[in-house]
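Q: model the following, please.
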Amino acid sequence: MSHKVVVTGLGATTPIGGDVPTTWANALKGVSGIKKLEDSWVEEYQLPVYIAGRVAQDPLESGRLSKVEAKRQDPSGQLALVAAREAWADAGFSGENAEESEGVDPLRTAVSFGTGIGGVWTLLDAWDTLREKGPRRVLPMTVPMLMPNSCAAAVSMALNARAAAQTVVSACASSTEALDLGLELIRSGKADIVIAGGAEAAIHPMPLAAFAKMQALSSRNDDPQAASRPYDVNRDGFVMGEGAAALILESEEHAKARGAKIYAELAGTGVSADSYHITAPDPQALGATRALKEALEDGDIDPTTVVHVNAHATSTPVGDIPESLALHQTFGEHTKNIAVSATKSMTGHLLGGAGALEAILTVKAIEERKAPCTINLDQQDEQIDLDVVTDARELPSGEIVAMSNSFGFGGHNAVVAFRSYES
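A: Below you'll find the predicted structure:
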């Protein structure tokens, strides 16, 4: 029996596109999704930072969710449903869910979804209601909507996935760890199909104020599209983004039996912990290096076949350098042959949803043999000795591997490695 796990469907809603084709096209063009926030609460709370990457397409206005569905979900759950349904449809199943699809067993279909913060809008709106109007006005759906597992639950119910509905909460590594969990669910024989991904919708005054207070956010309010500057000497912090992304993972046997299109193989994953600092990465990048090496070992990957990395690259002064160090400690001289893309420069940082989105961009890079852009890199930091892709670039033919890195507050490190697939 083969232990291969393959990717058969992709779905996303992001600051640079309402679906995967649009997001991918704009990632190749170098389109920024970062804008000034025009909400009244910016002035009301005198926020020091008021730029962010909102989703390009509202799920309700676009008709991708009904009014009833939207009302019963926190914004993060709304985005999760949109992405998961697109991925399911893209995978070519015969029905709208596992129950209705030929050859699909709902009891062997699982969900593995990540989030960094969960239903923060629901939580804080309910608190405002309680203080201003009393307990009788708090909505009865408040707890189901604010739970961090609400995204996984919503996707499970929408797609009739009954093998498991699991949630990973590991800050900005959440949805990459969700892919790791999805891989293990299939390898262990517990599932044939896993809808794996992540979602975040935390562009709210409180998180913005808190991130700004810790000096993690870029303060380029007057030039939002140039604010996210990974690897640039003038980088001054990340930019908040929102969105969701989902990948359909399947065992190779199951995918081939139904004649599915296969984008790539999810060849290996690596997860580690720094155990160093609650927010700062280990400056020696020991944990990140372990995660990279573990992903290579897990996938039985020859390091010289790695041609592309979608980097975590948040644009923080202290965060970008250790990732470069980790790549050098993992690949040595081969590092110079790896095309590195920092796509948060365009999308902003989707927190718990970032890893899944960047995994999709990595899969698309393999499929189309193109590495997406890094924008706003005017002067590369001398301490970051990487071949950074500033204009979309062709990738080699033949068997190749591309990787995606995610690192989160708390010292979470997660890496996924995708291999090109030949049937």
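Q: okay, CA-based contacts and neighbour counts for the rest of this
A: OK.
Q: what's in contact with stretch 54-61?
A: 13-18, 33-35, 65-67, 70, 78-79, 82, 203, 241-243 (Cα atoms under 8 Å, 6 or more residues apart in numbering).
Q: what about it, start to end distance?
A: Taking Cα to Cα, to the nearest Å, the first and last residues of stretch 54-61 lie 14 Å apart.
Q: test my guess that Gly30 contacts Ile375.
A: Yes. With contact defined as Cα atoms under 8 Å, Gly30 reaches Ile375; the gap is 6.2 Å.
Q: domain parsing of the protein, as residue ranges.
A: The record assigns the chain these domain ranges, following automatic domain parsing: 5-257, 269-419.
Q: isn't Leu183 right up against Ser251?
A: No. Look at Leu183 against Ser251 with Cα under 8 Å: they stay out of range, at 9.0 Å.
Q: just the buried residues of the helix or strand bottoming out on mean pLDDT in the chain, please?
A: The helix or strand of the chain with the poorest confidence is helix 67-71; it has a mean of 92 (mean pLDDT, DSSP states H and E). Of all the residues in helix 67-71, those buried under the rule 16 or more other Cα atoms under 10 Å are Ala70.
Q: downstream of it, the next helix or strand is which one?
A: helix 75-90 (DSSP states H and E).
Q: helices of the stretch 301-423 of the chain, start to end?
A: 320-331, 344-347, 354-368 (DSSP state H, counting those that start in this stretch).
Q: what about Gly259, neighbour count?
A: As a burial measure, Gly259 scores 11 neighbours (other Cα atoms under 10 Å).
Q: separation between it and Glu252?
A: Gly259 is 10 Å from Glu252, where distance means Cα to Cα.
Q: residues in contact with the least confident helix or strand of the chain?
A: Against helix 67-71 from outside (Cα under 8 Å, 6+ apart): 60, 78.
Q: now stretch 389-398
A: Contacts of stretch 389-398 (Cα under 8 Å, 6+ apart): 28-30, 307-308, 339-342, 365-366, 369-375, 377.
Q: now, which of those residues lie within strands?
A: 307-308, 339-341, 370-371 (DSSP state E).
Q: including pLDDT, could those residues go into JSON lines?
A: Formatted as JSON lines, the ones in strands among the contacts of stretch 389-398 follow (pLDDT from 0 to 100):
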{"residue": "Val307", "pLDDT": "98"}
{"residue": "His308", "pLDDT": "98"}
{"residue": "Ala339", "pLDDT": "98"}
{"residue": "Val340", "pLDDT": "98"}
{"residue": "Ser341", "pLDDT": "98"}
{"residue": "Lys370", "pLDDT": "98"}
{"residue": "Ala371", "pLDDT": "98"}
